[in-house]
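Peer 1: Fold the following and give me the result.
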Amino acid sequence: MAFTINYNDEPFELDYFAKVIMFQKIIDLDINKNTKSVLLYVLRKTLCFDKFEDRLSMYHLQQKLELSSSTLRKSIEIAEEKQLLKVTRSKGGDMQSNKRFNKFRLSDSLIIELIDFIEEVRYNNDFK
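Peer 2: Numbers count the residues shown, from 1 in each chain. Below you'll find the predicted structure:
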């Protein structure tokens, strides 16, 4: 089953092949491994589950990615500065709480870059 999004005012299907290629493109990005881990996790929790954003707690991310709080915050900050990730932060509450959620999504510019790469791979390999 594919997830359809609008790309260049046309429907674009994110099928299993496209999602695998997205993972590969993020792995190949010239960023540090912790930032890469955050992006890959957000990709899996969002587009791989056919949605654009997901509510995740910082505590959950720390546990799943095995990163300290400061390393996680720095990795997210780097991803935001490079316009790879968009985070809508919740207000108030303890940062370590598993009940405080932020909305995470890949940035529009990264999604466009990923789709362009998928199209290039399909064209270069004669995939339909």
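
Peer 1: I'd like to know the phi and psi angles of residue 14, please.
Peer 2: Note on residue 14: backbone dihedrals following degrees, to the nearest 10 are phi -90, psi 90.

Peer 1: Can you report how many residues lie near it?
Peer 2: Other residues lying near residue 14 total 21 when counted by other Cβ atoms under 10 Å. Every C-beta, even on glycine, is put in place using the N, C-alpha and C of the backbone.

Peer 1: Over to residue 28?
Peer 2: Neighbour count for residue 28, taken as other Cβ under 10 Å: 10.

Peer 1: now it: how far from residue 102?
Peer 2: As judged by Cβ to Cβ, to the nearest Å, residue 28 and residue 102 stand 27 Å apart.

Peer 1: cool, residue 109 as well?
Peer 2: 20 Å.

Peer 1: Comparing the two, which shows the higher neighbour count?
Peer 2: Ranked by neighbour count (other Cβ under 10 Å), residue 109 and residue 102 place residue 102 first, with 16 against 12.

Peer 1: low pLDDT regions in this protein?
Peer 2: Where the chain drops to pLDDT under 70, the residues are 1, 91-100, 128.

Peer 1: What segments of it are helices?
Peer 2: Secondary structure of the chain by DSSP state H: the helices cover 16-28, 33-45, 58-65, 69-81, 108-124.

Peer 1: Let's have the ones you listed in TSV, adding distance to residue 87.
Peer 2: Output for these, formatted as TSV (distance: least, Cβ to Cβ, whole Å):
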stretch	distance to residue 87
helix 16-28	17
helix 33-45	9
helix 58-65	10
helix 69-81	6
helix 108-124	13
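
Peer 1: and among these, the most buried is which?
Peer 2: Mean neighbours per residue, mean count of other Cβ atoms under 10 Å, is largest over these for helix 33-45, with a mean of 19.

Peer 1: C-alpha coordinates for that one, PDB please?
Peer 2: Taking Å, rounded to 0.1, in the frame of the first residue of the first chain, the C-alpha atoms of helix 33-45 are listed here in PDB:
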ATOM      1  CA  LYS A  33      25.700  10.200  13.000                       C
ATOM      2  CA  ASN A  34      23.500  11.400  15.800                       C
ATOM      3  CA  THR A  35      21.700  13.900  13.600                       C
ATOM      4  CA  LYS A  36      21.300  11.100  11.000                       C
ATOM      5  CA  SER A  37      19.800   8.800  13.600                       C
ATOM      6  CA  VAL A  38      17.200  11.400  14.500                       C
ATOM      7  CA  LEU A  39      16.300  11.900  10.900                       C
ATOM      8  CA  LEU A  40      16.000   8.200  10.200                       C
ATOM      9  CA  TYR A  41      13.900   7.700  13.300                       C
ATOM     10  CA  VAL A  42      11.600  10.600  12.300                       C
ATOM     11  CA  LEU A  43      11.300   9.200   8.800                       C
ATOM     12  CA  ARG A  44      10.300   5.800  10.100                       C
ATOM     13  CA  LYS A  45       7.800   7.200  12.600                       C
END
